[in-house]
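>>> Quick one: sequence plus predicted model below, questions after.
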Amino acid sequence: MRVVTARDYDQMSRKASYIVASRVILNPKCVLGLATGDTPKGLYRELAFLFRAGDVDFSGVTTFNLDEYVGLAPDHPNSYQSYMREHFFRFVNVSPGRRHIPDGTVPDLAAECRRYEAAIERAGGIDLQILGLGRDGHIGFNEPDVKFETGTHVVTLAESTLEANARFFAHAGDVPRSAISMGIRTIMSARRILLLAAGAEKAEAIRGAVLGAVTPDLPASVLQLHPNVTVIVDEAAARTL
Ligand SMILES: N[C@@H]1[C@@H](O)[C@H](O)[C@@H](COP(=O)(O)O)O[C@@H]1O
């Protein structure tokens with residue numbers, strides 16, 4: 001694991017954007033794994049900036065998002081489809097046919113999980129997976145107690161995640177209680193991983209992820225077993241390292 005410290009959130013976002021942009025420059029047909037939440041918004045903003053400057057071209061890139069809520073239609077304002085449109089896709093030229101996000105509205109969710117795994121495999125696997133970090137150490141929606149060997153699956157969200165994500169919804173009770181998420185096996189199959197964390201409320205989880213024992217109790221700790229992980233943390237999140 002390489003740990004890079006940034007002064008603050010904006011610098012973390014810029015450093016991350018250079019890493020992602022360099023992958024796309026070196027391999028214009030690369031496959032990116034994308035994350036949602038507040039953390040990667042700055043990264044997407046910086047990538048849009050590099051795109052506008054003509055420094056990076058996403059026309060050949062394929063993307064797979066980590067997760068999606070069960071039951072939210074793609075045009076629901078809180079769906080990760082909407083998030084990706086609002087924060088990234090409307091600013092850059094990723095071809096609509098090459099954007100992938102699990103569909104949490106289909107009746108057969110297990111079949112959707114299998115379809116998603118197969119699509120990642122058909123695309124040749126993920127070159128660079130971007131990850132945020134839950135306060136409880138979750139990655140994607142892989143909550144504590146996850147089985148490391150699972151692929152894309154349906155997850156029940158932890159109470160702490162429901163509380164943390166309530167800020168995005170009009171009413172706390174509106175947060176869907178389940179989601180489709182890439183599993184730890186899917187994430188660990190990516191050739192490179194870029195984990196971002198900013199703010200004091202991530203410091204404990206970052207400490208566990210980087211220095212703690214590898215345990216399903218803190219899902220991000222599994223990243224210690226991956227051969228190519230870069231962690232970018234701002235000073236507040238790096239406080240306990
Ligand atoms: N499924 C997402 C995760 O992918 C994200 O990393 C986490 C942290 O979010 P934030 O970046 O807003 O702190 O929230 C959600 O649970």
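The structure has been received and is ready for your questions.
>>> buried ones in the longest helix seen in the chain?
Longest helix in the chain by number of residues (criterion: DSSP state H): helix 9-26. Neighbour-count burial for helix 9-26 flags 9, 11-17, 19-21, 23-24 (criterion: 16 or more other CB atoms under 10 Å). In short, each C-beta sits where N, CA and C put it, glycine included.
>>> and the following helix or strand past that helix, is it in reach of the ligand?
Counting by DSSP states H and E, the next helix or strand C-terminal to helix 9-26 is strand 31-34. No: residues of strand 31-34 contacting the ligand under CB under 6 Å from any ligand atom: none, with a closest distance of 9.5 Å.
>>> Show me the contact partners of strand 31-34.
20, 23-24, 40, 61-66, 84, 88, 120, 123-131, 182, 187, 190 (CB atoms under 8 Å, 6 or more residues apart in numbering).
>>> Now intersect the residues you listed with the helices, please.
Using DSSP H, these in helices are Val20, Arg23, Val24, Met84, Ile120, Ile187.
>>> Going along the chain, name the strands of this structure.
Here the chain has its strands, by DSSP state E, at 2-6, 31-34, 62-65, 67-69, 99-100, 128-131, 153-156, 178-181, 192-197, 229-234.
>>> Counting neighbours, what do you get for Arg122?
Around Arg122 there are 9 other residues, counting by other CB atoms under 10 Å.
>>> How about Thr5?
What Thr5 shows, counting by other CB under 10 Å, is a neighbour count of 15.
>>> Kindly report the same for Asn228.
12.
>>> Quick one, grab the pLDDT at the nearest residue to it once chain neighbours are set aside.
Nearest in space to Asn228, with sequence neighbours left out and distances taken as CB to CB, 6 or more residues apart in numbering, is Arg192 at 4.6 Å. On pLDDT, Arg192 comes in at 98.
>>> where's Arg192 relative to the ligand, distance?
17 Å (CB to the nearest ligand atom, to the nearest Å).
>>> so who does Gly42 touch?
Gly42 neighbours (CB under 8 Å, 6+ apart): Tyr9, Asp10, Met12, Ser13, Arg14, Ala16.
>>> Kindly report the same for Asp136.
Applying CB under 8 Å, 6+ apart to Asp136 gives the contacts Glu143, Pro144, Ala158, Ser160, Thr161, Ala205, Leu218.
>>> Hmm, His153 is touching Ser181, no?
Yes: using CB atoms under 8 Å as the test, His153 is close enough to Ser181 to be in contact (6.7 Å).
>>> which of these two has more neighbours?
For His153 versus Ser181, neighbours defined as other CB under 10 Å are more numerous around Ser181 (29 against 23).
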